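J.: Sequence unavailable; structure follows:
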């Protein structure tokens, strides 16, 4: 899952101050807002404007004017001013680097990379330009070049929390979770208020099934920024996985209020409604998510399951088919489709999907149990018993498999075995 780096303008403004040779920002007072917070923007520009007399020359005015225009969100004017500064001195590495930051913040990534590259050609020791180019490569999906530039930035400045945070993010997306945690731990130690690092480390913990640690990091990020939609959505998903449905709904509702187009938050809230036995609300959320993102496999697959519960089998089949078209390895979609075919009496199709499930995973107890149900519907009792028995061998606490095998034994005239399985199923159900 590729996550957009969320600190573009604010981070780059911070970096810009380090590129102004005659300008040294004052140290923030104890307890001040984190450097990536909106409240730091005026201070950063004041630092730029309080440059030494050398920067009051025309090229300095262009540079400072570009920063001010950028802060005001006037990207075109900022680019024009910084271009004038660069034209006055083609070897002005700082003007090129800052213009690259403006291009980056305006999502003109190729131009950003070109400017960062030009800046580094003039000044190979410019760690901010190396980091900026690395982040631009990350946004383009070129993770190898991104990591190489971030490594360079860290060699030049080992205390670069943002470079460490982006490195951790890339390792997270590559499922290199140990490397991700190493980078993110360092980033947060250097800057405990780095919300991006906190959220990414929370996601890394989530993928490692360390849900309590994930929740703690998302909560820390939300203390710093209560309107961080990604932290809200991610904590909501973690609460959902912990069966904390009320807390999950609170976070997801707020995430969706802040961004009604957050398809992932809508999907997770739909899952909460589904697990709370409210398929209509679940389907409404899945509908919205799919409208926003027609190829959202999780939304399609989840809506299929909700339709199945409502006995709307044709709709379930349509969503399963689309899920499998988009993601042929989606095992849950094959299982859902097999159940829909079974309910419709299309037993050969159901059997084909069950066979595919078992072919993919010979340890899938549910797949064997489901195929046993198909065989039972075909009145092939011996095959049904064999599959139920395999399901029980794989999971000896599978109550449904015992109940189903009991029914098959009854049809086969093996009443003693049926009685034993009924008793075992009842025992397991009472334990739940």
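T.: Good, I have the coordinates. As the structure is a prediction and not an experimental result, all values here were calculated from the model.

J.: mind listing what's buried in stretch 365-382?
T.: Neighbour-count burial for stretch 365-382 flags 365-376, 381 (criterion: 16 or more other CB atoms under 10 Å). In short, each C-beta sits where N, CA and C put it, glycine included.

J.: Rank the helices and strands of the chain by mean pLDDT and give me the bottom one.
T.: helix 41-49 (a mean of 33; mean pLDDT, DSSP states H and E).

J.: Show me which residues of the helix or strand that that one is followed by are buried.
T.: Next in sequence after helix 41-49, counting helices and strands by DSSP states H and E, comes helix 58-71. Within helix 58-71, the residues that count as buried by 16+ other CB under 10 Å are 59, 60, 62, 63, 64, 65, 66, 67, 68, 69, 70, 71.

J.: Stretch 154-166 now?
T.: For stretch 154-166, by 16+ other CB under 10 Å, it's 154, 156, 157, 160, 161, 162, 163, 164, 165, 166.

J.: which one of those residues is nearest residue 138?
T.: Of all the buried residues of stretch 154-166, residue 166 has the smallest distance to residue 138: 6.1 Å, by CB to CB.

J.: Could you verify my assumption that that closest one touches residue 138?
T.: Yes - assessed by CB atoms under 8 Å, residue 166 is found in contact with residue 138 at 6.1 Å.

J.: Give me the domain ranges for the chain.
T.: 1-21+41-157, 362-432 (automatic domain parsing).

J.: least reliable of those going by mean pLDDT?
T.: Of all the domains of the chain, the minimum mean pLDDT falls on domain 1-21+41-157 (a mean of 77).

J.: helices and strands around the helix or strand where residue 171 lies, which ones?
T.: Assigned by DSSP H and E, residue 171 belongs to helix 161-173. Counting contacts by 3 or more CB pairs under 8 Å, 6 or more residues apart in numbering; DSSP states H and E, helix 161-173 packs against helix 127-140, helix 143-156, helix 177-190, helix 195-207.

J.: Tell me the spacing between residue 165 and residue 230.
T.: Per CB to CB, to the nearest Å, residue 165 is found 14 Å from residue 230.

J.: In contact with residue 289: list those residues for me.
T.: 263, 264, 266, 267, 270, 296, 299 (CB atoms under 8 Å, 6 or more residues apart in numbering).

J.: For it, give its distance to residue 253.
T.: Residue 289 is 15 Å from residue 253, by CB to CB.

J.: And for residue 362?
T.: The value you get for residue 362 to residue 253, if CB to CB is used, is 42 Å.

J.: With residue 175 instead?
T.: Distance from residue 175 to residue 253, by CB to CB: 31 Å.

J.: between those two, which one's more packed in?
T.: Comparing residue 175 with residue 253 by other CB atoms under 10 Å, the one with more neighbours is residue 253, at 15 against 10.

J.: Which residue is the nearest non-sequential neighbour of the more buried one?
T.: In space, and not counting its chain neighbours, residue 253 is closest to residue 269: 7.2 Å by CB to CB, 6 or more residues apart in numbering.

J.: And for residue 224?
T.: Going by CB to CB, 6+ apart, residue 224 has residue 195 as its nearest residue, at 5.1 Å.

J.: thinking that neighbour is in contact with residue 221, fair?
T.: Yes - in terms of CB under 8 Å, residue 195 counts as a neighbour of residue 221; the distance is 4.6 Å.

J.: From the chain's centroid, how far away is the longest helix along the chain?
T.: Longest helix in the chain by number of residues, with DSSP state H as the criterion: helix 415-431. Averaged C-alpha coordinates place helix 415-431 at 43 Å from its chain's average position (CA atoms, centre = their mean, to the nearest Å).

J.: Could I get the buried residue list for it?
T.: 417, 418, 421, 422, 424, 425, 428.

J.: right, and out of these, which lies closest to residue 101?
T.: residue 428 (61.2 Å).

J.: tell me the contacts of the residue nearest to that closest one when sequence neighbours are not counted?
T.: Nearest residue to residue 428, sequence neighbours excluded (CB to CB, 6+ apart): residue 399, at 4.0 Å. By CB under 8 Å, 6+ apart, the contact set of residue 399 is 425, 428, 429, 432.

J.: I'd like to know how far residue 399 sits from residue 390.
T.: 16 Å.
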